[in-house]
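1. need coordinates for the below:
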Amino acid sequence: MKIKFLDGIRGYSALIVVIYHSYLFTYFNNTVSKNEFLNNLLSIIKLGYLSVGVFIILSGFCLAIPVVNNDMNFKGGMQRYFKRRFRRIIPPYYVALILSIIVIITFPVLQVNSNTNWDSKIPINFENIAAHFLLIHNLKTYWISKINGAHWSVALEWQIYFLFPIMLFIWKKANWLISLSITFIFSYGVNIYLPFTRPQYIVLFFLGLLSAFYTFNNEHRLKFNKYFFLFLIILFAIALVIIKLKLIPEFYSEIILGLSIAFLLNQIAFLPDKNIFIIFFSSKISAELGKISYSLYLIHGPILALVNLLLLKYFNIKYEIQLLIMWFVITPLTVFLSKIFYELVESKFLNNKN
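-> Sure, this is the predicted structure:
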């Protein structure tokens, strides 16, 4: 079974987030393009935020791989699990956070309101800096978007890491359905009081865990079935339509979408090596993009915002041109800078250098 395609999916999900944020930072003063094709393209790009849910599903899927054949226990114990999670996630995050603060302090254009999406990231003060370092900034609307907007999901994922052992404990004492039900009820309760935290991602993490169980567990392996695969693709498409048209609350629609994605991972894992999907997402370019995906996610925000504000300040160019510059010049530059960040920072904290 080949699972190298997971890195490719992670990498392109990060790239989609960057493209989506390029649009958000460029979009200002209710700008609407006169180009119908571009407007149609933007209507699709506006769904780019859903890629964050893909990260969460992949996280649950990958973290479950070592436990599904170990009686749902962490190999090496829970202490090793938390130590490895901290080492892998937190140091690069802290470095990216400090760099984001330095960039904001260094460039005055990032310190004033500009009628763009960047306005939600400022001002920075001791309160929101402390909240970010404590990884609780996603729990208050005033903190959640400050400094580097993408970092809210890092806090959420870190919090999910503490729920993961509880999910496994309930699973072992009862079964996965009881554990999923309790996870859903807890997430629904959080959604009532803190909907901006997107607690449906907790359920998505569990779905990733469940998919990994039915992919890698020796006794319960759910192999490829063309009818099930087709059903999941149809469910994926229906969920996108529901989200786009806002037919039901996002809490439910994103869980439906997450269910389709989680078990598509299961089905794709059994595709032959020569399948075009496996070839594409396992290619060297895809693997490289996947390798730096966390770095790309951590640092792209201030870079995109800075360039966008400099373009607005010093150049009188059309909205469409500015957007193209962000996509085809600044996004590749951001990927390059992410590669540097990965080599200098993130790679030093990998749990497995191989």
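2. isn't Ser282 up against Phe5?
-> Yes - using CB atoms under 8 Å, Ser282 is in contact with Phe5, at 5.0 Å. The way it works is simple: take the backbone N, C-alpha and C, and place the C-beta from them, glycine included.
3. show me where pLDDT drops low in the stretch 251-354 of the chain?
-> Low-confidence segments of the stretch 251-354 of the chain (pLDDT under 70): 352-354.
4. quick one: the strands in it, in order.
-> For the stretch 251-354 of the chain, no strands turn up when DSSP state E, counting those that start in this stretch is the criterion.
5. tell me where it has helices.
-> Under the criterion DSSP state H, counting those that start in this stretch, the stretch 251-354 of the chain contains helices at 276-281, 284-291, 293-314, 319-325, 331-344.
6. name the helix or strand for Gly53, please.
-> For Gly53, the host element (DSSP states H and E) is helix 51-64.
7. quick check: mean pLDDT across the next helix or strand after that helix?
-> Proceeding N to C from helix 51-64, the next assigned helix or strand is helix 78-106, under DSSP H and E. The average pLDDT within helix 78-106 is 97.
8. Ser282 and Phe5: which is more packed in?
-> Each of Ser282 and Phe5 has its neighbours counted (other CB atoms under 10 Å); Phe5 has more, 23 against 19.
9. contacts only, for Ser22.
-> 304, 323, 326-327, 330-331 (CB atoms under 8 Å, 6 or more residues apart in numbering).
10. apologies, that question was intended for Val112.
-> Going by CB under 8 Å, 6+ apart, Val112 touches Ile122.
11. circling back: tell me the one of the contacts of Ser22 nearest His220?
-> Set against His220, the nearest of those by CB to CB is Thr331 (41.3 Å).
12. hang on, the earlier thing: of the helices of the stretch 251-354 of the chain, flag the one that's most buried.
-> Per residue and on average, the most neighbours among these fall to helix 293-314, with a mean of 22 (mean count of other CB atoms under 10 Å).
13. which elements pack onto it?
-> Using 3 or more CB pairs under 8 Å, 6 or more residues apart in numbering; DSSP states H and E, the elements in contact with helix 293-314 are helix 5-26, helix 78-106, helix 319-325, helix 331-344.
14. mind running it again at 6 Å?
-> helix 5-26, helix 78-106, helix 331-344 (3 or more CB pairs under 6 Å, 6 or more residues apart in numbering; DSSP states H and E).
15. picking that back up, CSV for the contacts of Ser22, including distance to Leu209?
-> Below are the contacts of Ser22 laid out as CSV (distance: CB to CB, whole Å):
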residue, distance to Leu209
Leu304, 33
Leu323, 38
Met326, 36
Trp327, 35
Ile330, 36
Thr331, 32
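16. out of the helices and strands packed on helix 293-314, which one sits most buried?
-> helix 5-26 (a mean of 22).
17. return the distance of that one from the chain's centre.
-> 8 Å (CA atoms, centre = their mean, to the nearest Å).
18. likewise for stretch 76-83?
-> The answer for stretch 76-83 is 24 Å, by CA atoms, centre = their mean.
19. and stretch 90-101, by the same measure?
-> With CA atoms, centre = their mean, you get 17 Å for stretch 90-101.
20. again, but for stretch 211-220
-> Distance, centroid of stretch 211-220 to centroid of chain: 24 Å (CA atoms, centre = their mean).
21. how far away is the residue nearest to Lys75 when sequence neighbours are not counted from Met78?
-> Among residues not flanking Lys75 along the chain, Pro66 sits closest, at 5.0 Å (CB to CB, 6 or more residues apart in numbering). To Met78, Pro66 is 13 Å away according to CB to CB, to the nearest Å.
22. so which of the helices of the stretch 251-354 of the chain comes closest to Phe74?
-> Closest to Phe74 of the helices of the stretch 251-354 of the chain, according to CB to CB: helix 293-314, at 21.5 Å.
23. tell me the angle that closest one makes with helix 331-344.
-> For helix 293-314 against helix 331-344, the angle by axes from the mean of the first three to the mean of the last three CA atoms, to 10 degrees is 140 degrees.
24. who's in contact with helix 293-314?
-> With CB atoms under 6 Å, 6 or more residues apart in numbering as the test, helix 293-314 has contacts from 10-11, 14, 18, 21-22, 25-26, 96, 100, 103, 107, 109, 114, 118, 148-150, 322, 330, 334, 338, 341-342, 346.
25. now it, how far from the chain's geometric center?
-> Relative to its parent chain, helix 293-314 has a centroid offset of 17 Å by CA atoms, centre = their mean.
26. alright, calling it a day.
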